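Enquirer: Predicted model and sequence below, questions to follow.
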Amino acid sequence: MGKLYSCDEVAERYSVQVITVWDWIRKKKLPALKIGREYRVSDDDIKAFETKCRTIQEGAN
């Protein structure tokens, strides 16, 4: 699975507020694991999120 990132780390990565990350998780745009009272996001889920958000998909003509 690799590294797990906190919502704060994800927010910092994308220069957004942590509430935005929570919203992405709630709307199922960004998969996350709930550990206790906190969410964690895996490397794989971040890569999938970034791929899904690309304006131009690789391999598209």
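Expert: All right, it came through fine.

Enquirer: Counting residues, name the longest strand you see in the chain.
Expert: strand 38-42 (DSSP state E).

Enquirer: Remind me what that strand packs against, helices and strands.
Expert: Judged by 3 or more CB pairs under 8 Å, 6 or more residues apart in numbering; DSSP states H and E, strand 38-42 is in contact with strand 4-6, helix 7-14, helix 18-26, strand 33-35. (Each C-beta comes from the backbone N, C-alpha and C, glycine too.)

Enquirer: ok, that strand: who's next to it in the sheet?
Expert: strand 4-6 (antiparallel), strand 33-35 (antiparallel) (DSSP bridges).

Enquirer: What degree of burial does Ala32 show, as a neighbour count?
Expert: For Ala32, the count of nearby residues is 21 (other CB atoms under 10 Å).

Enquirer: swap in Ile25?
Expert: Ile25 is flanked by 18 other residues according to other CB under 10 Å.

Enquirer: which ones are touching Ile56?
Expert: By CB atoms under 8 Å, 6 or more residues apart in numbering, the contact list for Ile56 is empty.

Enquirer: Assign it to helix, strand or coil.
Expert: Classification of Ile56 using DSSP: H, G, I helix; E, B strand; the rest coil returns coil.
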